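S.K.: model this:
(chains A, B, C and D)
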There are 2 protein chains.
Amino acid sequence: MNPQRRLRLFATVSHRLFRDGLLFQILHNEDIELVGESETGVETLQRLAAVRPGVLLIEENLKDNDGLTIAENALSLHPALSVLLISDTPVNSSRMAIYLESGIKAVVSKQQSIQELIKTLFYIRSGQVYLGNWQSTRDRADDALTAYQALSGREREVARLMSQRVAVRDIAEELGVSCKTVHSYKDRIFVKLGFERLPELILFMQRHHQRALP
Amino acid sequence: MNPQRRLRLFATVSHRLFRDGLLFQILHNEDIELVGESETGVETLQRLAAVRPGVLLIEENLKDNDGLTIAENALSLHPALSVLLISDTPVNSSRMAIYLESGIKAVVSKQQSIQELIKTLFYIRSGQVYLGNWQSTRDRADDALTAYQALSGREREVARLMSQRVAVRDIAEELGVSCKTVHSYKDRIFVKLGFERLPELILFMQRHHQRALP
DNA sequence: CTGCATTTGTAGGATTTTCCTACAAAACGA
DNA sequence: TCGTTTTGTAGGAAAATCCTACAAATGCAG
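M.R.: Here you go, the predicted structure:
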């Protein structure tokens, strides 16, 4: 991606604690440039013109306003803006129709993963509408299970040890292979699961483990 | 920290999107072990006995229940548990008194930073009560400004370039110093600001810049 | 059931990053 | 003005990341 094509993001999320968590993850992505953030609808509208984002990520329920209303206002001023709305609950198709009507490009619910959110940001960045991933929580759990099953024996072993924060050199010793090999497993695991950093794997393994027990 | 002293964390946060964001950050910390998570109060109470966390991180407003009530229940069953409540709004001293009354060890608001939350987790992990950081948002903005001013000229330059994702070797070239030197600046910047990863710096610089303009 | 394609186990090399240490010159504080 | 910090600079060791490679095992299609 050349620098011109960097996704210019503006994020409107009420609570700093959560906004930071989201942004820290999002900003690991080199192709995303944060051009502004805000906690309220009014401030968002005020600042859009100055920073000219390509994508607006906005929570549905803001302290001062309805995110949808703000999005509509923003769109009337900046028609080229792609808006991704974060809704409190999963969307059904009739709600979705209303959203699309207002010019919103996609919706993610607060029950989805950050990875899905980021994927969606990219889908809509060039103005495409994105109606993806309305699967139920159950389906997503199955996805995770499937992903786990895609790991080979050795990979699972390494994933398990890594998620317990065993150091690479100790894993290598434990399995009787070289550190290089362990790194190779690590790379493959991360590619297969679409992860980039250890905490993602830890959380994944924790969840998988939890589901595997009962 | 020896493994025995790892902070065993259980996290109850309603929305996966935000829970993941928080946990990804929290789990960068080697001394924290996630032993369980949940979205609801009832499930939390059900699972505590099995996983025996040392610290319970719980949102005040859950879908099914009041986090405070759940915390009280949890504490009556597991008196050694340290509870950190995430409140929607900043706490004042009278609210704080009520919380302490129920045996909660600390409260953070959703306007605070993740770093403050993590610091608080450690403060309370051995059963200490923690009544810190009730500063207003304004004060915290000042903190950030002060932190920025603590950077030396060279450090600011490097911080600026890094936050624009300029590669270390290009920064080195730009400043006419060796990569090693740039790494040294990076290290110092991160130590001074208490950061661990680039996204934190990017967000910090973005905010600083924003504040610096008007 | 057999031959081609993919996955798995294994690891090396190049480059970068991290972590720690060092040290002289400048700035600061008492 | 003299000792203490801070700043600018960088080196070494160890680890991580990003590629590439390749033989053996597995799996699938005809």
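S.K.: Would you mind listing what in chain A touches DNA strand D?
M.R.: A:167, A:168, A:169, A:179, A:180, A:183, A:184, A:186, A:187 (C-beta under 7 Å from any atom of the strand). From N, CA and C alone the C-beta is placed, and that goes for glycine too.
S.K.: The third one against residue A:177, yeah?
M.R.: No - look at residue A:169 against residue A:177 with C-beta atoms under 8 Å: they stay out of range, at 11.1 Å.
S.K.: Any figure for the gap between the residue in chain A that chain B sits nearest to and residue B:200?
M.R.: Nearest residue of chain A to chain B, counting by C-beta to the nearest C-beta: residue A:21, 2.5 Å away. Distance of residue A:21 to residue B:200, computed by C-beta to C-beta, to the nearest Å: 11 Å.
S.K.: what's the answer for residue A:30, then?
M.R.: 16 Å.
S.K.: now do residue A:35
M.R.: 18 Å.
S.K.: for the residue nearest to residue A:193 when sequence neighbours are not counted, helix, strand, or coil?
M.R.: Leaving aside its chain neighbours, residue A:193 sits nearest to residue A:147 (5.4 Å; criterion: C-beta to C-beta, 6 or more residues apart in numbering or on different chains). When classified by DSSP: H, G, I helix; E, B strand; the rest coil, residue A:147 comes out as helix.
S.K.: For residue A:30 and residue B:200, indicate the residue with more neighbours.
M.R.: Shown here are residue A:30 and residue B:200; by other C-beta atoms under 10 Å in any protein chain shown, residue B:200 has more neighbours (22 against 11).
S.K.: before we move on, which element is that one in?
M.R.: Element membership for residue B:200, per DSSP states H and E: helix B:198-212.
S.K.: rewinding a little: neighbour count for residue A:169 and residue A:177, which is higher?
M.R.: residue A:177 (15 against 11).
S.K.: for that one, what are its contacts?
M.R.: Applying C-beta atoms under 8 Å, 6 or more residues apart in numbering or on different chains to residue A:177 gives no contacts.
S.K.: out of everything not next to it in sequence, what's closest to the residue of chain A found nearest DNA strand D?
M.R.: With C-beta to the nearest atom of the strand, the shortest gap between chain A and DNA strand D falls at residue A:168, namely 3.6 Å. Leaving aside its chain neighbours, residue A:168 sits nearest to residue A:182 (5.1 Å; criterion: C-beta to C-beta, 6+ apart).
S.K.: what does chain A have sitting close to chain B?
M.R.: Contact residues, chain A versus chain B (C-beta under 8 Å from any C-beta of the partner chain): A:14-18, A:20-28, A:30, A:34, A:36-37, A:86, A:88, A:108-114, A:117, A:165, A:197-200, A:202-203, A:206-207, A:210.
S.K.: List only those of these flagged as buried.
M.R.: Buried by 16 or more other C-beta atoms under 10 Å in any protein chain shown: A:14-18, A:20-28, A:34, A:36-37, A:86, A:108-114, A:117, A:198-200, A:202-203, A:206-207, out of the residues of chain A next to chain B.
S.K.: So what touches the helix holding residue B:200?
M.R.: So helix B:198-212 is contacted by A:20, A:23-28, A:34, A:36-37, B:141, B:144-145, B:147-148, B:159-160, B:162-163, B:165, B:189-190, B:193, B:195 (C-beta under 8 Å, 6+ apart).
S.K.: swap in stretch A:96-109?
M.R.: A:68, A:71-72, A:75, A:79, A:82-91, A:95, A:116-117, A:120, A:123-124, A:127-133, B:17.
S.K.: Remind me what the helix or strand residue A:85 falls within packs against, helices and strands.
M.R.: Taking DSSP H and E as the definition, one finds residue A:85 inside strand A:82-87. If you count contacts as 3 or more C-beta pairs under 8 Å, 6 or more residues apart in numbering or on different chains; DSSP states H and E, strand A:82-87 packs onto strand A:55-59, helix A:67-77, strand A:106-109, helix A:114-124.
S.K.: For these, give me a markdown table that also has mean pLDDT and distance to residue A:155.
M.R.: Formatted as a markdown table, the helices and strands packed on strand A:82-87 follow (pLDDT from 0 to 100; distance: least, C-beta to C-beta, whole Å):
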| stretch | mean pLDDT | distance to residue A:155 |
| --- | --- | --- |
| strand A:55-59 | 98 | 34 |
| helix A:67-77 | 96 | 41 |
| strand A:106-109 | 95 | 29 |
| helix A:114-124 | 96 | 19 |
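S.K.: So for residue A:43, which of those sits nearest?
M.R.: helix A:67-77 (9.9 Å; C-beta to C-beta).
S.K.: could you measure the closest residue to residue A:39 other than its chain neighbours against residue A:75, distance?
M.R.: Distances taken as C-beta to C-beta, 6+ apart put residue A:14 closest to residue A:39, at 5.4 Å, once the chain neighbours are dropped. Computed as C-beta to C-beta, the residue A:14 to residue A:75 distance reads 20 Å.
S.K.: got it, and residue A:35?
M.R.: 17 Å.
S.K.: Between the two, point out the one with more neighbours.
M.R.: Set residue A:35 next to residue A:75 and count neighbours by other C-beta under 10 Å: residue A:35 wins out with 21 against 18.
S.K.: Let me know the secondary structure of the more buried one.
M.R.: strand.
S.K.: that older thread, now for the helices and strands packed on strand A:82-87, which one comes closest to DNA strand C?
M.R.: The closest of the helices and strands packed on strand A:82-87 to DNA strand C is helix A:114-124. By C-beta to the nearest atom of the strand, the value is 20.6 Å.
S.K.: Off-centre distance for that closest one?
M.R.: How far helix A:114-124 lies from its chain's middle: 6 Å, per C-alpha atoms, centre = their mean, to the nearest Å.
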